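Engineer: Mind looking at a prediction? Sequence and model below.
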Amino acid sequence: KIEEYKQLADQNSFIPQLRAKAFELVLKKVPTYMSLTRQIYIDRLKNQIQSTSIPVAKASYIRALSTEVKELSYLFALSRNEQDPAVQTAIAETIGLLISRPDFPYVYKGNRNPIYIELALYFQRQMNHADPGVCAVLGNFFTKERGLISAYCQPDSLLPLAQAKLTLPRDIESYNEMESAISFLQKRKFVAKIPEYNHPVNWQNVANLNDTLNCIIKTAKGEMRCQLFSKKAPATVLNFVELAKNGFYKEKYFHRVVPNFVIQGGCPRGDGYGGLNYTIRTEISDLNFQSSYILGMASAGANTECTQFFITHSPTPHLDGIYTAFGKLISGMDVLINITPNDQITEIIIE
């Protein structure tokens with residue numbers, strides 16, 4: 001098996017997500033006494049991180065380091081040089097996984113190990129910058145950790161300062177992730193913030209929509225044709241149509257793909273923590289997720305939808321009553337199942 005994983009990792013022609021997973025499996029399976037082999041693949045993985053220009057691909061390679069505790073300093077340095085938000089989120093996620101590993105205190109022994117100073121500086125820098133994705137990831141980490149890392153990083157004081165820098169309603173998901181962490185640290189009940197009504201519906205524009213619209217989601221792998229149901233979810237369909245007509249979805253990534261579940265795209269950051277500075281209402285109707293190929297709006301709770309949408313691979317009735325369903329895929333199912341997290345939306349055309 002190890003040799004198969006090594007061969008996959010060495011294939012330059014493979015999609016980045018698959019190749020990154022192969023690197024991760026090599027590093028998980030190759031025993032520690034084969035230190036030379038491990039170092040060869042760590043160096044190759046770092047080369048991929050440095051040479052890859054596509055942010056979501058770079059993020060996949062960074063996450064493949066999630067077993068390599070000794071690479072924390074490398075990730076701290078990488079975070080100082082990278083600007084893309086999806087890459088910064090991947091770095092934060094990987095750092096969070098590494099410092100949660102059971103071998104972390106054995107690799108970095110002692111209460112005064114310099115790694116804690118590096119961690120504190122990284123945390124302070126990120127909280128000062130207050131990137132929404134990084135804030136959400138690091139906030140979630142501190143709902144679980146109350147040891148040396150918390151003592152050095154002082155999340156009790158830094159998390160509220162970072163939370164205050166977030167922009168609402170755009171960053172509502174990150175805001176509530178941090179509020180959950182702050183509530184945990186302050187030993188009080190968490191109450192999620194609900195966005196105020198901030199994006200009135202132009203009902204004249206809704207009235208001008210056809211009862212049933214079609215849209216074409218163009219990708220390099222082909223086209224997906226969808227039917228949009230403006231009578232079932234008028235505000236959602238209007239929002240989607242206006243974004244598409246304004247060219248918002250051009251070159252946006254499908255950042256999330258869960259096999260036999262969904263593909264999700266439309267995030268301006270490319271990591272799932274992005275949107276525009278407004279939210280629309282959740283619209284629940286008799287249009288449900290009990291069949292395959294349904295278009296739904298991604299959200300972080302009721303009335304937090306904005307630009308991100310998903311298409312289901314299979315029936316997902318557990319989404320009923322929670323997420324807005326607003327359309328259905330009518331052709332291009334073969335394209336749907338071949339979409340990977342590195343694929344871009346070329347354009348969405350409204351017919």
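Structural biologist: Thanks, I have it. Numbers count the residues shown, from 1 in each chain.
Engineer: OK, contacts around Glu223?
Structural biologist: 216-217, 331-332, 335 (Cβ atoms under 8 Å, 6 or more residues apart in numbering). From N, CA and C alone the C-beta is placed, and that goes for glycine too.
Engineer: looking at those residues, which has the most residues close by?
Structural biologist: Ile217 (26 neighbours; other Cβ atoms under 10 Å).
Engineer: tell me which element Leu36 is part of?
Structural biologist: Element membership for Leu36 (DSSP states H and E) is helix 35-51.
Engineer: Which positions in that helix come out as buried?
Structural biologist: Going by neighbour count (16 or more other Cβ atoms under 10 Å), the buried part of helix 35-51 is 38, 41-42, 45-46, 48-49.
Engineer: number of nearby residues for Arg281?
Structural biologist: 18.
Engineer: What of Ala90?
Structural biologist: Ala90, neighbours per other Cβ under 10 Å, totals 30.
Engineer: Likewise for Thr32?
Structural biologist: 7.
Engineer: So it is in contact with Gln39, correct?
Structural biologist: No. Counting by Cβ atoms under 8 Å, Thr32 stays clear of Gln39, with 11.1 Å between them.
Engineer: Go through the contacts of Glu223 and flag which are in helices.
Structural biologist: Val335 (DSSP state H).
Engineer: tell me which of the contacts of Glu223 is nearest to Glu283?
Structural biologist: Nearest to Glu283 among the contacts of Glu223 is Ile217, at 20.5 Å by Cβ to Cβ.
Engineer: Show me what the closest one bridges to in the sheet.
Structural biologist: Beta bridges link Ile217 to Met224, Ile348, judged by DSSP bridges.
Engineer: hang on, the earlier thing: distance between the helix holding Leu36 and the chain's centre?
Structural biologist: Centroid separation for helix 35-51 versus its chain: 25 Å, with Cα atoms, centre = their mean, to the nearest Å.
Engineer: With stretch 86-106 instead?
Structural biologist: Computed by Cα atoms, centre = their mean, the chain-centroid distance of stretch 86-106 equals 16 Å.
Engineer: In it, which residues are buried?
Structural biologist: For stretch 86-106, a neighbour-count test (16+ other Cβ under 10 Å) marks 86-96, 98-99 as buried.
Engineer: Pull the residues that contact that stretch.
Structural biologist: 55-56, 58-60, 62-63, 65-69, 71-72, 75-76, 78-79, 82, 119, 122, 126, 131, 133-134, 137-138, 140-141, 144-145, 149, 255, 269-271, 273.
Engineer: Filter those down to the buried ones, PyMOL style.
Structural biologist: In PyMOL syntax, the buried subset of those is picked out as below (16+ other Cβ under 10 Å):
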select buried, resi 55+56+58+59+60+62+63+65+66+68+69+71+72+75+76+78+79+82+119+122+126+131+133+134+137+138+140+141+149+255+269+270+271+273
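Engineer: Out of the contacts of stretch 86-106, list just those in strands.
Structural biologist: His255 (DSSP state E).
Engineer: picking up where we left off before, which residues touch the helix holding Leu36?
Structural biologist: Contacts of helix 35-51 (Cβ under 8 Å, 6+ apart): 6, 9-10, 16, 19-20, 23, 26-27, 30, 32, 58, 61-62, 64-65, 68, 71, 74, 78.
Engineer: which one of the buried residues of stretch 86-106 is nearest Tyr175?
Structural biologist: Proximity of the buried residues of stretch 86-106 to Tyr175 (Cβ to Cβ) peaks at Thr89, which lies at 15.6 Å.
Engineer: next one: phi and psi at the closest one?
Structural biologist: With angles defined as degrees, to the nearest 10, Thr89 sits at phi -60, psi -40.
Engineer: picking up where we left off before, which one of the buried residues of helix 35-51 sits closest to Ala302?
Structural biologist: Ala302 lies nearest to Ile49 out of these, by Cβ to Cβ, at 38.1 Å.
Engineer: where does the protein have low pLDDT?
Structural biologist: The chain contains no residues with pLDDT under 70.
Engineer: Give me the domain ranges for it.
Structural biologist: 2-185, 203-350 (automatic domain parsing).
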